[in-house]
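Colleague: Sequence plus the predicted model coming up.
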Amino acid sequence: MAEPALLNVSNLEAWYGESHVLHGVNFNVRRGEVVTLIGRNGAGKTTTLRSLIGVVGKRTGASTYKGNDLLKVPAHKVARLGIGYVPEERGIFSRLNVIENLMFPPAWQSGGMSVEEIYTLFPNLKGRDSTPGTRLSGGEQQMLAIGRILRTGADFILLDEPTEGIAPVIIEEISAALRILKDRGMTIILVEQNLRFAASVADRHFVLDQGKVVDEISNSALDANMDRLNRYLGV
Ligand SMILES: Nc1ncnc2c1ncn2[C@@H]1O[C@H](COP(=O)(O)OP(=O)(O)OP(=O)(O)O)[C@@H](O)[C@H]1O
């Protein structure tokens, strides 16, 4: 029998105050998979990630993860389940240097990466311990934001637009790092607008439109479905 999904999101609805943003999101993620959420600006991709970790207003539906309904888990307890969130704005502290940023979150689970392993994964960070976090380039800050989460022992990573505003050469390095993490058994949900990058790491793509998942495309079928996808994206 097929292994049940690691995460099963069913009929997820979410609100910011009076504003009803998600209208019944359905998708699942298997252990060790990389899936993307793609869609136009405002489709609800970031809100879907934020709903999983409990930082929206109201949520309804269900989101089953390792036997827990995430919709019943308060935001401050989600990290203890091994879920790590890397927000689009990255959240690097300007008053802390690289190593202080890296050491900031507690290691919630055993099995997290050591600082050395993080520097092997992201060599740009090596030798930069005392550089203030915000002196790094955007791409290096993204590496630091991902590295910081890997140290906590999280094995399920929610990554919001890691390539936004980042130089192509660094995008390739992040893509290579994500493939290494996948080989190590990590499960990743990636919100992404850069289809080339998404295709370089993902197994499946879920298309969001107006607060719903309207399509699922396997990575191997991406090229054949480019016209359909571009219609969703309004390209
Ligand atoms: N804090 C908030 N308060 C009220 N409405 C919000 C808030 N954040 C987002 N929204 C609205 O919710 C909708 C979905 O936004 P969301 O950020 O999830 O979209 P997205 O698909 O991630 O797009 P983008 O790529 O632009 O971030 C949009 O209409 C947005 O204006």
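Modeller: Great, that's in hand. What you see is a predicted model; the values in this text were computed from it and never measured.
Colleague: Please make it C-alpha for all contacts and neighbour counts, starting now.
Modeller: Will do.
Colleague: Would you agree M143 falls within a helix?
Modeller: Yes - counting by DSSP: H, G, I helix; E, B strand; the rest coil, M143 is part of a helix.
Colleague: right, and it touches F122 too?
Modeller: Yes - if you go by CA atoms under 8 Å, M143 and F122 touch, sitting 6.5 Å apart.
Colleague: Give the residue from these two that has the larger number of neighbours.
Modeller: With other CA atoms under 10 Å as the criterion, M143 and F122 differ in neighbour count, and M143 comes out ahead with 25 against 19.
Colleague: so what's the more buried one up against?
Modeller: Residues near M143 by CA atoms under 8 Å, 6 or more residues apart in numbering: 122, 125, 174.
Colleague: Mind giving me the packing neighbours of the helix or strand hosting V213?
Modeller: Here V213, judged by DSSP states H and E, is contained in strand 212-218. With contacts taken as 3 or more CA pairs under 8 Å, 6 or more residues apart in numbering; DSSP states H and E, strand 212-218 sits against strand 19-29, strand 204-209.
Colleague: Is that strand positioned near the ligand?
Modeller: No - using CA under 6 Å from any ligand atom, strand 212-218 never reaches the ligand; the gap is at least 10.3 Å.
Colleague: same check, this time on stretch 14-30
Modeller: Yes - applying CA under 6 Å from any ligand atom, one finds stretch 14-30 touching the ligand at 16, 21.
Colleague: If we go by neighbour counts, what in that stretch is buried?
Modeller: 14-15, 21-29 (16 or more other CA atoms under 10 Å).
Colleague: rewinding a little: okay, the helices and strands packed on strand 212-218 in TSV with mean pLDDT next?
Modeller: Below are the helices and strands packed on strand 212-218 laid out as TSV (pLDDT from 0 to 100):
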stretch	mean pLDDT
strand 19-29	97
strand 204-209	97
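Colleague: Having no further points to raise, I will conclude here.
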